[in-house]
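Peer 1: Requesting a structural model of the entry that follows:
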Amino acid sequence: MSNSKQAEATGEGAVPSLQHHHTPVSVTHHDHPDHHLMWCPRHNHYYDDRKMETFEEVPDPTELSPLRDFIAGSCAGVSSTVVGHPFDTVKVRLQMNCPSAPFKGPMDCVMQTVQKEGFWGLYKGMVSPMTTVPLVNAVVFSAYEHAKAFLLTRRLNDTSGVLTNHEAMMAGAWAGFVNSIVVTPVELVKCHLQAQGEAIHTSKNEIKFNGTLDCVKKVIQIDGVRGLWRGHVATMVREVPSYVGQFGTYELLQRVFSAQLDGDNGKVSPATTLLAGGFAGCVCWTVSYPQDVIKSRLQLQPLGQPSSYATSTFCPDGGFIACAKSIVRQEGWRGLWRGYSPCLLRAFPSNAAGFATYEMVKSVFFLDKDGVSMPVQAKAKAGQ
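Peer 2: Residues are numbered from 1 along each chain as shown. Okay, the predicted model is just below:
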């Protein structure tokens, strides 16, 4: 649909722009029956200059975009970690489970962990993600938002300002690639701490870690700094499709749910964000779960010893293909989905909390001193 037809259909001709202005600017819109229009790039709307009496000069919130994305992403990381870490602990322990190991299923894992280690055993290893996941989420959301902006600037004819499904997935792929570099050491430390609980390890020869810093120190002492990035290829193979699925699903479902729940008021309700974020999390983990199992096996190999899985002759996969073949050969295809149920139970509440927190914190940067949304405030003034 052309811009002129959009203008006729909506009466506003909403055409967003990445330019940053503090006041509306005059435009020529020859195809529109009313030439008394002014375009405000910040609010993505045309306004009738005959009806616009005032337009308050306010700082452009988009100028705070990097800081906004960083802070909002960090807060999202904290909330998602607190909600989802117990499920993640059960997932990791089931992933390392072998046919002769003690766990009969997720609930049995929870019961044994609580009996032997107490309730806080479910939060074992949370210090590592709690101190780093805020940074990781800040990286993810910042990379995603910047990729979105880049894709919008590359458009030639379409100025709708709404990402298509494949554009959202492309932005998600970039966010996943960037994040894999940051998150690999975090995942390695977290998995080691989660897997060494009394419910799993009984060998006196097993290396024990007295917390996050001790784990980092011992990994570097034994395997060097590069040891922190063991399993990076597997992490990247997990992260890219996971964020393709997550952000692609989130953008799609947010539009679908908003149309059903929020009507035409232009606002996205918390319920819409929670639902879209929760289902996006389920898709995220479903498309990447086998890779996560392989990553955990690769990262939890004994320190100071050569990898049990040979690197492929076709590509530097870090043993990814050999590990996958080993799991399927010994445990069947179900071995690649071990621990999936607690992961799925974790995905919905954790991602719902993360996206809701992200959108809520991000919206704070769009409020004026009276707590009114600046875009809504400006629209109301324009219609006086």
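Peer 1: Are there helices or strands packed against the helix or strand where Ser242 lies, and which ones?
Peer 2: Per DSSP states H and E, Ser242 falls inside helix 232-261. Helix 232-261 is packed against helix 127-153, helix 165-195, helix 270-286, helix 289-299, helix 320-331, with contacts defined by 3 or more Cβ pairs under 8 Å, 6 or more residues apart in numbering; DSSP states H and E. C-beta: built from backbone N, CA, C; applies to glycine.
Peer 1: Domain ranges for this protein, per the record?
Peer 2: 3-58, 65-364 (automatic domain parsing).
Peer 1: List the buried residues for stretch 131-138?
Peer 2: For stretch 131-138, burial by neighbour count (16 or more other Cβ atoms under 10 Å) applies to Thr132, Val133, Pro134, Leu135, Val136, Asn137, Ala138.
Peer 1: Only alpha carbons, please: show that stretch as CSV.
Peer 2: C-alpha atoms of stretch 131-138 as CSV (Å, rounded to 0.1, in the frame of the first residue of the first chain):
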residue,chain,number,x,y,z
THR,A,131,25.9,-10.9,37.8
THR,A,132,26.2,-11.4,34.1
VAL,A,133,22.7,-12.0,32.6
PRO,A,134,21.8,-8.3,33.0
LEU,A,135,24.8,-7.5,30.8
VAL,A,136,23.9,-10.4,28.4
ASN,A,137,20.3,-9.1,28.1
ALA,A,138,21.5,-5.6,27.6
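Peer 1: contact partners of it?
Peer 2: Stretch 131-138 has contacts (Cβ atoms under 8 Å, 6 or more residues apart in numbering) with 69-71, 73-78, 80-81, 179, 182-183, 186, 212, 354, 358.
Peer 1: swap in stretch 297-309?
Peer 2: Stretch 297-309 is contacted by residues 95-96, 187-188, 191-192, 195, 207, 218-219, 222-223, 227, 230-231, 234, 318-320, 322-323, 326-327 when judged by Cβ under 8 Å, 6+ apart.
Peer 1: Okay, buried residues for that stretch please.
Peer 2: Arg297, Leu298, Gln299, Leu300, Gln301, Tyr309.
Peer 1: same question, stretch 355-366
Peer 2: Phe355, Ala356, Thr357, Tyr358, Glu359, Val361, Lys362, Phe365, Phe366.
Peer 1: could I get stretch 234-246 in PDB with only the CA atoms?
Peer 2: Only the C-alpha atoms of stretch 234-246 are listed here, as PDB (Å, rounded to 0.1, in the frame of the first residue of the first chain):
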ATOM      1  CA  ALA A 234      27.600 -25.000  20.200                       C
ATOM      2  CA  THR A 235      26.500 -21.900  22.000                       C
ATOM      3  CA  MET A 236      26.400 -19.900  18.800                       C
ATOM      4  CA  VAL A 237      24.400 -22.700  17.000                       C
ATOM      5  CA  ARG A 238      22.000 -22.400  19.900                       C
ATOM      6  CA  GLU A 239      21.800 -18.700  20.200                       C
ATOM      7  CA  VAL A 240      21.200 -17.700  16.600                       C
ATOM      8  CA  PRO A 241      18.000 -19.900  15.900                       C
ATOM      9  CA  SER A 242      16.800 -19.300  19.500                       C
ATOM     10  CA  TYR A 243      16.600 -15.500  19.000                       C
ATOM     11  CA  VAL A 244      15.300 -15.800  15.500                       C
ATOM     12  CA  GLY A 245      12.400 -17.800  17.000                       C
ATOM     13  CA  GLN A 246      12.100 -15.500  20.000                       C
END
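Peer 1: so what's the residue lying closest to Val90 once chain neighbours are set aside up against?
Peer 2: Leaving aside its chain neighbours, Val90 sits nearest to Pro342 (4.2 Å; criterion: Cβ to Cβ, 6 or more residues apart in numbering). For Pro342, the contacting residues are Phe87, Val90, Lys91, Leu94, Pro106, Cys109, by Cβ under 8 Å, 6+ apart.
Peer 1: what do you get if the cut-off is 7 Å, keeping everything else the same?
Peer 2: Pro342 sits next to Phe87, Val90, Lys91, Leu94, Pro106 when contact means Cβ atoms under 7 Å, 6 or more residues apart in numbering.
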